[in-house]
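[1] Predicted model follows, preceded by the sequence.
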Amino acid sequence: MIRAGLNPEDAGHVFLTHRHPDHVGDLAALLFYYRYDGKPRDRRLRLYGPRGISGFVERLQRAHHPWLRPRGFSLSVTELEERSVVRGPGWSMRCREVPHTTESLAYRFDSRRGSVCYTGDTGPDRGLAVFAQKADLLVIEASLAEPAQSAGHLSLGEAVETGRLSNARKVLLSHLSNASSRAARRLRLAPRFRVAEDLMRLKI
């Protein structure tokens, strides 16, 4: 967040897709920051994730006791599932359970200013294109260069096809491996498709 020019103190909600370390690795650092430096917005952090996230956070806090326990702010952890909706002032976040090697969620954020759908890690899911229908931005994982059975991830071709069917205004291919990144560079993608880069900024 700091490298991107964002202030951690502006955050009041954190949405986690699943518990794998490349998707939750910064959570300990964030809780440690809030304990000793700045505080989350309104001195309250609302943490959301799939089934099992409550136990995960508790185990993480025990492993680093006492340095991740809230001090000067409150922390709530809520487990979400298919069709769960979280609402805030002028926005809503909807959930879809997606196939992966552990409990995993895709999220769709809608507000008056625009909509963003993020798949997180997912295997092929026919409902994703419907879930992301006409979003302003679809961020979709494309880990594999070629389709694989029971991998819990999308191939580049599967991600592009889902993006096409979603009719999203912009589609950002993310979570690429070295192989799928090389394959993406060889593709002639439609203008609304982009390949994610670290600290990329997109206007929606």
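    Great, that's in hand. Numbers count the residues shown, from 1 in each chain.

[2] hey, where'd the helices end up in the chain?
    21-24, 27-36, 53-63, 127-131, 156-166, 178-186 (DSSP state H).

[3] Now the ones you listed in CSV, please, with extra columns for distance to residue 14.
    For the C-beta atoms, the positions are set from N, CA and C on the backbone; glycine is no exception. Below are the helices of the chain laid out as CSV (distance: least, CB to CB, whole Å):
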stretch, distance to residue 14
helix 21-24, 10
helix 27-36, 7
helix 53-63, 10
helix 127-131, 21
helix 156-166, 25
helix 178-186, 27
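
[4] These: lowest mean pLDDT?
    Ranked by mean pLDDT, the helices of the chain bottom out at helix 178-186, with a mean of 93.

[5] Which strands or helices does that helix pack on?
    In terms of contacts (3 or more CB pairs under 8 Å, 6 or more residues apart in numbering; DSSP states H and E), helix 178-186 is packed against helix 156-166, strand 193-195.

[6] try it again with 7 Å
    helix 156-166 (3 or more CB pairs under 7 Å, 6 or more residues apart in numbering; DSSP states H and E).

[7] mind checking which of the helices of the chain is nearest residue 100?
    Closest of the helices of the chain to residue 100 is helix 21-24, at 10.2 Å (criterion: CB to CB).
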